[in-house]
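In: A predicted structure for the sequence below; I have some questions about it.
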Amino acid sequence: MKITDLKAYTVDADWRNWVFVKLFTDEGLTGVGEASLGGSEDQVVAALNGIKTYLIGKSPFDIEQHWRAIYTTRFWRSVVLLSALGGVEQALLDIVGKACGVPVYNLLGGRCRDRIRCYTHISEATSGHSVEQRAEEACQAVEAGWTAMKWDPVPPNYLALDAAGVRFIGKQMQAVRQAVGPDVDLMVEIHGRLDAKTAIRVAREIEPYAPFFMEEPVPPENLDALARVADAVDVPLATGERIVTKEAYWPLLERQLVDFIQPDVIHVGGLLQCRKIAAMAEARLTEVCPHNPNGPVATAAVLHLAASLPSFTVLEMPYDDYLWAARWRDELLVDPTPVQVKEGFLLLPTTPGLGVDLNEAAIDRYPARSHHWGAAFEAANLATD
């Protein structure tokens with residue numbers, strides 16, 4: 001079997017675009033993947049076109065060799081190339097699973113669980129929604145069956161907050177906790193927007209409300225700042241969505257600075273790379289909560305990874321797309337059932353490959369649009385009292 005073509009599709013997803021990949025073979029089997037990278041879609045598509053030149057005529061089975069030939073031998077490397085590779089690798093695994101007649105999780109060592117627990121999003125503080133609205137959104141999520149949820153509670157500041165800003169975060173956490181009760185897991189996402197001293201103050205402010213984790217409390221490249229936070233607080237910490245190589249993960253894991261890591265199956269270069277990172281984490285007693293605010297194909301891919309990981313805990317699931325953005329996401333798949341959450345869980349597909357395929361007619365209805373990436377972090381003049 002040989003690869004005969006690669007097609008990339010860039011699709012409007014409301015506040016960003018999704019990039020999908022489809023590989024074709026001379027035996028009629030096809031495979032799909034997702035290479036979305038917010039704000040860099042054109043660069044990813046350019047990288048995919050370069051990868052296409054290499055892949056034509058190659059066997060889809062030699063995934064590790066292709067990965068090394070495309071990435072490891074490059075002198076200049078980047079998250080753009082890794083994200084393109086992530087989509088291609090997913091599509092290759094999809095083809096191999098179909099050729100072997102098994103779901104992709106069986107290619108990754110088989111399943112460790114029959115269903116995948118997920119957490120959803122409620123609105124961020126910069127959305128303009130009130131604290132009361134945020135609590136109401138949390139109640140709506142619980143009514144829909146979710147048992148865990150996350151949001152960014154940070155007002156529009158960077159690195160340092162005044163006392164009112166810290167209290168504002170605490171008020172949000174208190175309101176949501178009171179609304180949903182003690183048995184729903186609550187995560188707070190900081191997006192690396194605080195310095196160490198402020199992150200410590202925030203962690204102590206929210207600790208009485210039992211957060212499941214505090215995510216990316218400081219800029220992810222500053223491990224010494226993260227160590228200061230880890231040494232000073234009892235709140236569980238998570239990071240990893242912007243760490244994109246196993247080599248970069250190693251010092252984080254070696255120092256045991258967080259309780260959870262959050263690799264993204266797109267940005268680290270695919271499921272096999274993500275599994276290697278997860279194996280390192282398992283050896284350091286660190287749990288894995290994959291990053292996944294992505295489109296439906298990446299969700300299908302990470303579902304297979306989560307099924308196979310002994311150290312998996314909970315999966316991010318962008319339910320907010322259904323609530324107030326990109327409500328057409330399900331239209332983009334021929335059958336969206338595998339990526340539809342039921343009572344807070346995704347069920348494992350039993351069909352060969354990833355279990356999803358692109359609806360190209362629907363994709364044509366939602367052409368990509370230009371976006372000012374980062375606008376969600378730039379809202380201003382929000383009240384903090």
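Out: Received the coordinates, thanks.
In: so which elements touch the helix or strand hosting Ala179?
Out: If you go by DSSP states H and E, Ala179 is part of helix 163-180. Here helix 163-180 touches helix 131-143, strand 148-151, strand 185-189, helix 196-206, going by 3 or more C-beta pairs under 8 Å, 6 or more residues apart in numbering; DSSP states H and E. In short, each C-beta sits where N, CA and C put it, glycine included.
In: deepest-packed of these, please.
Out: By mean neighbour count, with neighbours taken as mean count of other C-beta atoms under 10 Å, strand 148-151 ranks first of these at a mean of 24.
In: contacts for that one, please.
Out: Residues outside strand 148-151 that contact it (C-beta atoms under 8 Å, 6 or more residues apart in numbering) are 117-125, 134, 138, 141, 172, 176, 180, 184-189, 212, 215, 314, 316, 344.
In: chain center to it, what's the gap?
Out: With C-alpha atoms, centre = their mean, to the nearest Å as the basis, strand 148-151 stands 14 Å off its chain's centre.
In: same question for stretch 79-88.
Out: 14 Å.
In: do a quick rundown of the strands in the stretch 251-385 of the chain.
Out: 260-261, 287-288, 315-316, 345-347 (DSSP state E, counting those that start in this stretch).
In: residue ranges with poor pLDDT in this structure?
Out: Across the chain, the ranges flagged by pLDDT under 70 are 319-325, 372-385.
In: cutoff 50 now
Out: Along the chain, the parts satisfying pLDDT under 50 run over 375-385.
In: returning to what we had before: could you dump the strands of the stretch 251-385 of the chain to TSV with distance to Glu221 and mean neighbour count?
Out: Listed next are the strands of the stretch 251-385 of the chain as TSV, based on distance: least, C-beta to C-beta, whole Å; neighbours: other C-beta atoms under 10 Å:
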stretch	distance to Glu221	mean neighbour count
strand 260-261	15	24
strand 287-288	21	22
strand 315-316	21	24
strand 345-347	32	18
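In: hmm, back to that, so can I have JSON lines of the helices and strands packed on helix 163-180 showing distance to Gln65?
Out: Below are those laid out as JSON lines (distance: least, C-beta to C-beta, whole Å):
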{"stretch": "helix 131-143", "distance to Gln65": "44"}
{"stretch": "strand 148-151", "distance to Gln65": "38"}
{"stretch": "strand 185-189", "distance to Gln65": "37"}
{"stretch": "helix 196-206", "distance to Gln65": "42"}
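In: quick one: which of these is nearest Thr30?
Out: Among those, strand 148-151 comes nearest to Thr30, with 34.4 Å by C-beta to C-beta.
In: that older thread, for Ala238, find the nearest of the helices and strands packed on helix 163-180.
Out: For Ala238, the closest of those is strand 185-189, at 7.5 Å, according to C-beta to C-beta.
In: can you list the strands that that closest one pairs with?
Out: Strand 185-189 has its sheet partners listed here by DSSP bridges as strand 148-151 (parallel), strand 213-215 (parallel).
In: any idea of the angle that strand forms with helix 131-143?
Out: 130 degrees (axes from the mean of the first three to the mean of the last three C-alpha atoms, to 10 degrees).
In: now the residue sitting nearest the centre point of the chain: how far from Leu354?
Out: Closest residue to the average C-alpha location of the chain: Asn292 at 1.9 Å, with C-alpha atoms, centre = their mean. Distance of Asn292 to Leu354, given as C-beta to C-beta, to the nearest Å: 14 Å.
In: over to Arg115?
Out: For Arg115, the distance to Leu354 equals 17 Å [C-beta to C-beta].
In: what are the phi and psi values at Pro182?
Out: The phi and psi values for Pro182, taken as degrees, to the nearest 10, are phi -80, psi -10.
In: wait, it sits on Ala210?
Out: Yes - counting by C-beta atoms under 8 Å, Pro182 touches Ala210, with 7.3 Å between them.
In: compare these two (neighbour count), which wins?
Out: Between Pro182 and Ala210, counting by other C-beta atoms under 10 Å, Ala210 is the more crowded of the two (14 against 8).
In: roughly how far does the closest residue to Val297 other than its chain neighbours sit from Lys276?
Out: The shortest distance from Val297 to any non-neighbouring residue, by C-beta to C-beta, 6 or more residues apart in numbering, is to Glu34 (3.8 Å). Distance, Glu34 to Lys276, using C-beta to C-beta: 20 Å.
In: between those two, which is the more surrounded one?
Out: Each of Glu34 and Lys276 has its neighbours counted (other C-beta under 10 Å); Glu34 has more, 30 against 15.
In: residue ranges for the helices of the stretch 1-150 of the chain, please.
Out: Using DSSP state H, counting those that start in this stretch, the helices of the stretch 1-150 of the chain run over 41-55, 63-67, 79-100, 104-107, 131-143.
In: helices or strands up against the first one?
Out: Judged by 3+ C-beta pairs under 8 Å, 6+ apart, helix 41-55 is in contact with strand 3-12, strand 17-25, helix 79-100.
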